[in-house]
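> Got a predicted structure plus its sequence, pasted below:
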Amino acid sequence: MKLNKTLVALALSTLLLSACSDTDEKDASLTDGSQNAISGINDASTSGLKGSGLNGSEMNGGMNGSGMNGMSNGDYASTLGPEFNDPNNPLSKRTIYFMLDSSEVMPDFIPVIGAHAQYLIANPAQRVTLEGNADERGSREYNIALGEQRAKSVAGLMKAQGVSASQLDIVSYGEEKPAAFGSDEAAWERNRRVEIVYQPR
Amino acid sequence: MGFCKRVLFLGLLFLCTSPSYAELTIEVTEGVDGAVPVAVVPFASQSAPVSISSIVNADLARSGFFKMMAEQGMPGRPSNAGAVNFKDWQAAGQNYMVVGQVNGGGGQYDVQFQLLDVFKGGQMLGYRMNSSAEDLRRTAHHISDLIFEKLTGKKGVFSGRIAYITTSNQGGKQQAHQLQVADADGFNPQTVAASVEPLMSPSWSPDGKKVAYVSFERKTAAIYVQVLATGARTRVAEFPGINGAPAWSPDGSRLALTLSKDGSPDIFVLNLGTRALTKLTKSFAIDTEPSWSPDGNSIVFTSDRGGKPQLYLVSSQGGQEKRLTFSGDYNARGSFSPDGKTLVMVHGNGNDYRIATMELSSRAINVLTSGRSDESPSFAPNGTMILYASKKGRTGFLSAVSLDGKMQQRLEFKSGEVREPAWAP
């Protein structure tokens, strides 16, 4: 109970923290990617539009080949141990849901975040990606920003418990990766979420 | 290649079986007041694989400027001005008419058309052009542009192109995301980038030769600039956090974009030549969706610094920011009309998100659409239409709306969701 109160206080402080940067300061890369074989993009030639600037051109395209099977490794956590599959263990819950246009963690999810934080502290080589998401309403790039705020809220709670920033990556997919399709409240509330994705060690 | 063949096959199939379009349906939401009556008489043609006059008719119809005469009511089928009995067409209530013919074969065609003033009984415009079989659609759009400009004084946009994102389900949770470029009427789609991870926010370079976009293919957001003719591309931004909302400056030398590398998302300007990065906004709130004014002097962007997303303006050199929208609790993704006098935006009201314009002089907001989830508006280069993305159930499609909101054109694609249209300059 005392732990919970602490976590609520931490949740509040996260709102302030979320304005600060949570990401590692990697070197800004401005690399030329045109030489690389980039996953998911395979060369294919298509017939161009004559005189339109597209004619006779090599276009990137094609949906086959390597790189197209790059599914998210969201199931990796289930291989880490039985506690990740036990529905009575908070580690089995790896999705944090949010209210409309809000990045505040609801009290129900604080024990879940706390359990993952404790696991990460006990396993300092383990990294997770916090994937922020939004429902479909509103503009797409704004929803990218909203998804990042949500992921940063979860990261802030974890770091406040002692998780190293180097164990946490953040990416926001906005409304681009819905968990549920549909345009009703039932779908929207499933899509306003942060997924805690354990990365292979 | 298989994809292109399939599209081509579908195109041929519907032309043989039906005068309507396979991919495009035109939906008129209201009667159009003040639309000028025009008759496009079916062109005389022995063997052309594409009906030029049908394409011209459809182009002019969806501009919202004209009321097209139905073929059944036409008092004749003249194919040149000499064969027209103007009195009959005056009696049929037409102001203008288009006649023409397509001759040739073996892959090469000679296309002639005339635009006629029905009341004066004379020719306003007449052209004769050569076209290969595969260029017939382009030739038809070119004819539409010539007619549109003659009748309205504005440049036509029918031979322009659009970029957009499409997603189709590959089975299970697997999604295929594609950035495509197509004709302005949705035909001839070509995939320019494909990924299992999301692609977003295509933005044309002012010369129409490159597209900037966001890709998550490396499981993190990055902005790419791709040359359409070659497919070669450069990753221009992959900072920690958000790399989003690229918008090309009117002179083509810079990209405005959203980065969250310093904490909250802010607007930056990246010089594409020197790679110098300038931070324009510094709020602790969300600042995103930059878009340049046509003169390049200012940038409109979305910010929730006041609690809810609203549009703000900042000089492209940085400095004092000014709030532009006060009506409604959600105004986002603003962009300027080509003349710089009007903004188009996503205007949210309760659970409904619609496309609205705001004249900068009066600040009056005019809601143009009636969907529940309309987004990503993009002005046609002549400023007469706005292309946007809409949703019905699980289907995402593109629509165009005239500036008065009275003409709606829906581009429906065969598979998957289509979104984020960007009209080429």
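Sure, I can see it.
> mind exporting the lengthiest helix in chain A as PDB, just the C-alpha atoms?
As assigned by DSSP state H, the longest helix anywhere in chain A is helix A:140-160. C-alpha atoms of helix A:140-160 as PDB (Å, rounded to 0.1, in the frame of the first residue of the first chain):
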ATOM      1  CA  ARG A 140      -1.800  12.000 -37.800                       C
ATOM      2  CA  GLU A 141       1.400  13.900 -36.900                       C
ATOM      3  CA  TYR A 142      -0.300  15.400 -33.800                       C
ATOM      4  CA  ASN A 143      -1.100  11.800 -32.800                       C
ATOM      5  CA  ILE A 144       2.500  10.800 -33.200                       C
ATOM      6  CA  ALA A 145       3.300  13.500 -30.600                       C
ATOM      7  CA  LEU A 146       0.600  12.300 -28.300                       C
ATOM      8  CA  GLY A 147       1.800   8.700 -28.500                       C
ATOM      9  CA  GLU A 148       5.300   9.900 -27.600                       C
ATOM     10  CA  GLN A 149       4.000  11.800 -24.600                       C
ATOM     11  CA  ARG A 150       2.300   8.500 -23.400                       C
ATOM     12  CA  ALA A 151       5.500   6.500 -23.900                       C
ATOM     13  CA  LYS A 152       7.500   9.200 -22.000                       C
ATOM     14  CA  SER A 153       5.000   9.000 -19.100                       C
ATOM     15  CA  VAL A 154       5.600   5.300 -18.800                       C
ATOM     16  CA  ALA A 155       9.400   5.800 -19.100                       C
ATOM     17  CA  GLY A 156       9.300   8.500 -16.500                       C
ATOM     18  CA  LEU A 157       7.600   6.200 -14.000                       C
ATOM     19  CA  MET A 158      10.100   3.400 -14.700                       C
ATOM     20  CA  LYS A 159      13.100   5.700 -14.400                       C
ATOM     21  CA  ALA A 160      11.800   7.200 -11.200                       C
END
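> immediately after that helix, which helix or strand?
strand A:168-174 (DSSP states H and E).
> I'd like to know which elements that following strand is packed against.
Judged by 3 or more Cβ pairs under 8 Å, 6 or more residues apart in numbering or on different chains; DSSP states H and E, the packing partners of strand A:168-174 are strand A:128-133, helix A:140-160. Yep, even glycine has a C-beta here, placed from its N, CA and C like the rest.
> can the longest one be found next to chain B?
I take that to be helix A:140-160. Yes. In terms of Cβ under 8 Å from any Cβ of the partner chain, part of helix A:140-160 sits within range of chain B, namely A:140-142, A:144-146, A:148-149.
> Which per-residue confidence value corresponds to residue 27?
If you meant another chain, say so; for now it's chain A. On pLDDT, residue A:27 comes in at 31.
> that's the wrong chain, I wanted chain B
The model's pLDDT for residue B:27 equals 57.
> the strands in the stretch 251-400 of chain B, which residues?
For the stretch 251-400 of chain B, the strands defined by DSSP state E, counting those that start in this stretch occupy B:254-259, B:266-271, B:277-279, B:287-292, B:298-303, B:310-315, B:322-323, B:330-336, B:342-349, B:352-359, B:365-367, B:375-379, B:385-392, B:395-402.
> Show me the contact partners of the shortest one.
With Cβ atoms under 8 Å, 6 or more residues apart in numbering or on different chains as the contact definition, strand B:322-323 has outside contacts at B:306, B:310-314.
> Could you report the neighbour count for residue 116?
In the absence of a named chain, this looks at chain A. 27 (other Cβ atoms under 10 Å in any protein chain shown).
> Chain B was what I was after
25.
> Skipping adjacent residues, who's closest to it in space?
Closest residue to residue B:116 apart from its sequence neighbours, by Cβ to Cβ, 6 or more residues apart in numbering or on different chains: residue B:97 at 5.0 Å.
> List the contacts of that neighbour.
Taking Cβ under 8 Å, 6+ apart as the test, what residue B:97 contacts is B:38-41, B:84, B:89, B:115-116, B:118.
> Of those residues, which is the most crowded?
Going by other Cβ under 10 Å, residue B:40 tops those with 30 neighbours.
> Could you give the bridge partners of it?
residue B:98 (DSSP bridges).
> So it is in contact with residue B:70, correct?
No. The criterion here is Cβ atoms under 8 Å, and residue B:40 misses it with residue B:70 at 10.7 Å.
> closest to residue A:101 out of the helices and strands packed on strand A:168-174?
helix A:140-160 (7.0 Å; Cβ to Cβ).
> Now do that closest one and strand B:298-303, the angle between them.
Helix A:140-160 and strand B:298-303 are oriented at 50 degrees to each other (axes from the mean of the first three to the mean of the last three Cα atoms, to 10 degrees).
> if we can go back for a sec, of all pairs in the contacts of residue B:97, which one spans the longest distance?
B:38 and B:84 (14.0 Å).
> Could you name the specific helix or strand carrying residue B:181?
Counting by DSSP H and E, residue B:181 is found in strand B:175-183.
> Tell me the helix or strand right after that strand.
Next element after strand B:175-183 (DSSP H and E): strand B:190-195.
> sorry, back to before: same for the strand holding residue B:181, what does it pack against?
So strand B:175-183, by 3+ Cβ pairs under 8 Å, 6+ apart, packs with helix B:136-152, strand B:161-169, strand B:190-195, strand B:199-204, strand B:210-215.
> 7 Å instead?
strand B:161-169, strand B:190-195, strand B:199-204 (3 or more Cβ pairs under 7 Å, 6 or more residues apart in numbering or on different chains; DSSP states H and E).
> Let me know which of these is the nearest to chain A.
Evaluated over those, closeness to chain A peaks at strand B:190-195, with 3.7 Å, by Cβ to the nearest Cβ.
> is the closest one up against chain A anywhere?
Yes. Interface with chain A: strand B:190-195 contributes B:190-195 (Cβ under 7 Å from any Cβ of the partner chain).
> I'd like the average pLDDT over that strand.
pLDDT averaged over strand B:190-195 gives 94.
> do stretch B:143-161 as well
Per-residue scores along stretch B:143-161 average to 95.
> Next, the distance between the ends of that stretch.
For stretch B:143-161, the first and last residues are 16 Å from each other (Cα to Cα, to the nearest Å).
> How about that stretch, which residues are buried there?
Within stretch B:143-161, the residues scored as buried using 16 or more other Cβ atoms under 10 Å in any protein chain shown are B:143-148, B:151, B:156-161.
> Go ahead and name everything in contact with that stretch.
Contact with stretch B:143-161 is made by A:52, B:36, B:52, B:56, B:59-60, B:63, B:65, B:96, B:98, B:113, B:115, B:124-125, B:127, B:138, B:141-142, B:181-184, B:380-382, B:384, B:423-424, as judged by Cβ atoms under 7 Å, 6 or more residues apart in numbering or on different chains.
> 6 Å instead?
Under the contact criterion Cβ atoms under 6 Å, 6 or more residues apart in numbering or on different chains, stretch B:143-161 has outside partners B:56, B:59, B:65, B:113, B:115, B:124-125, B:141-142, B:181, B:184, B:380-382, B:424.
> I appreciate the help and will end here.
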